[in-house]
Structures are given as structure tokens and as C-alpha cells.
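Enquirer: Below: sequence and its predicted model.
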Amino acid sequence: MARRKEKRTESSLYKARTPSLNDVTAQQPPIQNEERPAASKGFMRKDLARVIAEELHRWAQVVVYALPVLSIIITRNWDIINKTYQLWSSPLPPLSRLRGVFEEAPGTRANAAIVVLARNRDAGEVVHTLKTFEPTFNAKYRYPYVFLNDKDWEPQFKQTIADFLSEVRAVNISVNDTLYLRFGKVKEEHWSWPAHVDKTAALKDMRQMADLGVLHANKESYHHMCRFQSGFFFQHELLKDFKWYWRVEPDVDFFCPLHYDPFMFMESHNKTYGFNIVAPEFMATIPSLGKTVKAYMRERNITSIPPTLKLMWNETTDDYSGFHFWSNFEIGSLDWLRSREYGEFFEYLDATGNFFHERWGDAPVHSVAAGLLLRPDELHYFEDIGYRHADRIHCPIVKEKQGVYGPCECDVEELKRRRVQWGIWAYSDRWMNELKKWQRWAKAYQTPVNLEDKRQAALVGQASDPPPVLP
């Protein structure tokens with residue numbers, strides 16, 4: 001018993017002398033921030049550098065794999081990206097913000113339609129155009145819109161347009177209301193390869209043109225569009241009962257409110273073709289057009305350059321100068337385009353296959369046709385309509401004119417300051433000088449919109465200065 005008690009006592013003493021972990025921690029002096037050995041620091045730096053290098057390598061691999069994919073996506077969608085940028089950057093005038101305040105103007109209407117060639121994906125750009133075209137003109141005059149597409153129209157496109165027009169005019173417009181809206185599909189034979197064109201050879205020529213930097217040269221759809229607008233749009237079933245058309249494009253701006261009806265003006269003054277912007281063509285797109293026109297003239301025994309064609313003919317080289325009326329804005333006679341004379345001229349051009357072997361556009365084709373077939377006084381320059389398409393803007397010289405148009409939000413200099421990316425070639429000094437020559441030429445043949453002073457109008461028509469000819 002005494003021995004077991006002694007053991008317990010020793011055990012208790014041992015436990016009492018054994019400190020706990022907390023006691024040991026409490027008794028130890030605080031750890032000083034001792035310097036780590038240099039070798040340890042070196043290892044840490046190496047570890048950190050290795051981690052950074054691995055991360056950089058991993059991200060480099062991501063970039064290497066992602067860049068080709070991103071490049072393909074951008075290339076395939078470049079048109080959409082570029083047009084979206086233009087859409088966001090466009091300086092819409094305050095008129096575009098007006099809604100539901102336009103009542104239909106009284107008076108007689110011409111047998112006319114607004115013609116829009118578009119695609120299903122262009123709904124936003126079409127609405128962009130309508131934001132200014134409706135307030136400046138058609139919300140008051142309410143001519144029907146004819147939308148044409150080489151594909152079937154999607155219901156969403158139709159509904160988007162109907163909803164917008166309903167909002168602007170404060171009336172309920174249905175997609176099936178043909179009084180305001182008509183949607184049609186282009187015939188396949190009008191948007192496909194014609195039998196007389198060697199498609200393989202044409203595609204080769206298109207690639208070569210693209211390599212030389214010719215815009216849109218390698219886009220088959222663009223060639224089809226130019227041929228369709230040159231020779232077929234006016235044959236469409238939806239336009240057969242109309243006599244006049246106003247061509248309107250997606251993603252354009254109209255700046256000046258019109259207080260007259262351009263269709264009625266054209267009709268009452270025996271005009272046939274109206275335009276707004278004149279421009280020089282990129283000659284690489286039409287290298288043989290002038291020679292073809294001369295060959296056509298020889299076959300028709302036209303021995304001298306007609307007076308209207310002189311405006312766009314280079315007498316030094318005896319060739320087409322490239323001067324043309326920019327056809328994205330046109331107000332014209334459908335009867336003229338459907339005439340035998342125009343049809344024969346188009347068929348002659350089309351037989352060459354150069355809507356595909358070259359990149360003949362509808363603007364020079366319409367312009368040369370007007371030069372050959374129309375008198376100067378059958379053309380009209382709509383100087384009073386403020387208009388923008390892509391990088392070119394036309395602003396009226398006179399912003400206010402009683403009885404013609406009202407407050408105009410078009411100021412070229414202001415637009416150049418705000419949107420300089422649009423102005424680089426559109427406002428070159430050389431081209432502005434050419435435009436002034438054209439304006440003097442046009443003045444000799446223009447019928448003033450305001451005919452209050454008929455004596456002055458007669459004097460303008462008998463201008464003594466001969467019309468200048470562009471080089």
C-alpha cells in the first residue's frame with residue numbers, strides 16, 4: 001500500500017512538473033523577424049518566376065488558339081460589324097426623335113412607291129432610315145413601301161417595320177396592309193448566274209479584282225445586286241401598276257423636311273430621272289464600260305455624244321469619265337426603265353457578261369443610260385434634299401426657302417467636325433471643285449421648285465454660259 005501510494009505521488013509530481021502546450025507557448029519569448037537565409041529567398045523567387053512563366057505560357061496558348069478563330073469571326077461578319085458601327089455613329093437629327101405627330105397631308109398623290117431592297121438582317125438599318133425619312137417626308141405623304149429581298153421575308157422583319165410606322169403615324173398598320181406595306185421576293189432568274197456567263201472564268205476574274213483591291217469584287221451577291229438594280233427591279237410584280245419610284249436604302253439619313261411632293265413635281269414638270277449626289281466612279285470596277293457604250297452608239301448610228309452624256313464624257317480620251325449619279329438615291333420614271341430603248345441598252349450591256357467579269361454597278365449604268373436616252377431638261381437635281389449615305393453627305397446650299405423646305409438639320413462643316421471618318425474623300429478639294437462645275441451645268445437646265453418668278457425660271461433655262469463638261 002505504501003509503495004503504490006508513493007508511486008502515485010511521484011506520478012502526480014511528474015504531471016505537475018510537465019508544462020502544457022499553452023504554458024510552453026506563453027513562456028517562450030516572441031519570435032523575432034529573423035532574416036531568411038539567402039538560399040531560401042532565391043528558391044522563393046524562382047518559384048514565383050516559374051508560376052508567372054507558366055501563367056504567361058498558358059495565356060499565350062489561349063491567344064494563339066483564339067486569334068485565328070476571332071479572325072474568322074470578324075472576317076465573316078465584317079459587313080455587320082462595320083454597318084453597326086456606322087449605325088451607332090450616325091448623327092441623327094432631332095427630327096428622328098419625333099413620334100406620332102404627323103398627319104397625312106391633303107392633296108393629290110402620284111402613282112408612286114418607295115422601293116427598298118434589303119435583307120432580313122437589315123431590319124435595324126431600315127428602321128434607322130425610317131427615323132428620318134418618315135419625319136422629313138413620308139409620314140405626311142404616305143406612299144406605300146415596297147420591300148424586295150432575294151430570300152423569303154421573315155415575319156420578324158415585317159413586324160418590326162409595321163410597328164415602327166404605326167408608332168410614327170399614330171395609326172395601327174398591319175404587315176398585310178398593302179396600302180402602306182408590300183413585301184416581295186426577287187425572281188431567281190433575276191438574282192442568279194445568267195446562262196451566257198462562264199461562271200468559272202467570272203469567279204477567277206472576281207478573285208483577281210479583289211486582289212487588286214476592288215471593293216466588293218469577290219462578293220457574288222454584290223454582282224447579282226448590281227445587275228438586278230440595273231435591269232430587273234422595275235419588272236417586279238409588285239411594281240407593275242406604279243409609274244414612279246423613290247429608291248431608299250437601309251442605313252441612310254434625310255435631314256431636311258420637305259413641304260412639297262417630289263413625285264408630283266417630277267410628273268408635272270416632265271422630268272424622268274432625279275438624283276441628289278454626283279460622284280466619280282472607281283474606274284477599276286468598269287474598265288470596259290466606256291468602250292461598250294461607244295460600240296452601242298456605233299450600232300445605233302449615234303454619231304455624236306448626246307448633250308446629257310457630255311456631262312460624263314472625257315472628250316480628251318473619248319471615253320466615259322466615271323462621273324455618275326449615285327443611285328442609292330433615285331426618284332424616277334418606271335415607264336422609262338420599262339421602255340424599249342432602255343431595255344435594249346441594258347440587254348446590250350448584259351450580253352457582255354461584265355456585271356460579273358468586271359464589277360459594273362447600277363449607278364454608272366443608270367447614269368450612262370440617262371446620258372444616252374434623256375434630254376438634259378428631263379433630269380432633275382434634288383439639291384434641296386439633305387441626305388447621307390455611307391461617307392457622303394449632301395446638304396442644301398440654302399437652308400431656308402419659303403414654300404420648299406423648313407428647318408434643315410444638315411450642316412456639312414458640323415458633320416465633318418463630328419464625324420470626320422466620313423469626310424476624308426467625300427470632301428476632298430478636287431471633288432468639291434468638280435461638284436461646283438456640275439452645279440453650274442445643272443443650273444442651266446434645272447426647273448426651279450418654286451415657280452413664283454416664272455421670268456427668272458425662263459432666264460435660267462436660256463443661260464448664256466455653255467454647260468461645263470467634267471473631265
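Expert: Alright, I've got the coordinates.
Enquirer: Contact partners for the residue lying closest to Ala105 once chain neighbours are set aside?
Expert: Spatially, and ignoring its direct neighbours in sequence, Ala105 is nearest to Lys140 (4.3 Å; CB to CB, 6 or more residues apart in numbering). Placement of C-beta: from N, CA and C, glycine included. Lys140 makes contact with Phe102, Glu103, Glu104, Ala105, according to CB atoms under 8 Å, 6 or more residues apart in numbering.
Enquirer: Quick check: Pro257 vs Val368, distance?
Expert: 33 Å (CB to CB, to the nearest Å).
Enquirer: which of these two has more neighbours?
Expert: More neighbours surround Val368 than the other of Pro257 and Val368, with 26 against 18 (other CB atoms under 10 Å).
Enquirer: what comes into contact with the helix or strand containing that one?
Expert: Following DSSP states H and E, one finds Val368 within helix 362-373. Contacts to helix 362-373, defined as CB under 8 Å, 6+ apart, come from residues 225-227, 229-230, 272-273, 279, 281, 286, 289, 293, 296-297, 302, 306, 308-313, 320, 322-328, 330, 336, 341-342, 345-346, 349, 379.
Enquirer: switch the cut-off to 6 Å
Expert: By CB atoms under 6 Å, 6 or more residues apart in numbering, the list of residues contacting helix 362-373 from outside reads 226, 229-230, 273, 281, 286, 293, 306, 308-309, 312, 324-327, 341-342, 345.
Enquirer: can you dump the C-alpha coordinates of it into PDB?
Expert: Output of helix 362-373 as PDB, limited to C-alpha atoms (Å, rounded to 0.1, in the frame of the first residue of the first chain):
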ATOM      1  CA  ASP A 362     -26.100  50.200-111.300                       C
ATOM      2  CA  ALA A 363     -25.100  53.800-110.700                       C
ATOM      3  CA  PRO A 364     -22.900  54.200-113.800                       C
ATOM      4  CA  VAL A 365     -25.300  52.100-115.800                       C
ATOM      5  CA  HIS A 366     -28.300  54.300-114.900                       C
ATOM      6  CA  SER A 367     -26.200  57.400-115.500                       C
ATOM      7  CA  VAL A 368     -24.900  56.400-118.900                       C
ATOM      8  CA  ALA A 369     -28.400  55.300-119.900                       C
ATOM      9  CA  ALA A 370     -29.800  58.700-118.900                       C
ATOM     10  CA  GLY A 371     -26.900  60.300-120.800                       C
ATOM     11  CA  LEU A 372     -27.800  58.400-124.000                       C
ATOM     12  CA  LEU A 373     -31.500  58.400-123.800                       C
END
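Enquirer: following that helix, which helix or strand comes up?
Expert: Following helix 362-373 in sequence order, the next helix or strand is strand 379-381 (DSSP H and E).
Enquirer: Tell me how far the helix holding Val368 lies from the chain's centre.
Expert: Distance of helix 362-373 from its chain centroid, counting by CA atoms, centre = their mean, to the nearest Å, is 22 Å.
Enquirer: quick one on the thing from earlier: just the pLDDT for the residue nearest to Ala105.
Expert: Per-residue confidence (pLDDT) for Lys140: 90.
Enquirer: quick one: buried residues of stretch 149-157?
Expert: Burial within stretch 149-157, assessed by neighbour count using 16 or more other CB atoms under 10 Å, is assigned to Asn149, Asp150, Trp153, Phe157.
Enquirer: my bad, should have said stretch 166-184
Expert: By 16+ other CB under 10 Å, the buried positions in stretch 166-184 come out as Ser166, Val168, Arg169, Ile173, Val175, Tyr180, Leu181, Arg182, Phe183.
Enquirer: Ser166 versus Glu134, what's the distance?
Expert: From Glu134 to Ser166 the distance is 11 Å (CB to CB).
Enquirer: quick revisit: among the contacts of Lys140, the buried ones, what's the PyMOL command?
Expert: Applying 16+ other CB under 10 Å to those, the buried members can be selected in PyMOL as follows:
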select buried, resi 102
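Enquirer: With that, I have no additional questions.
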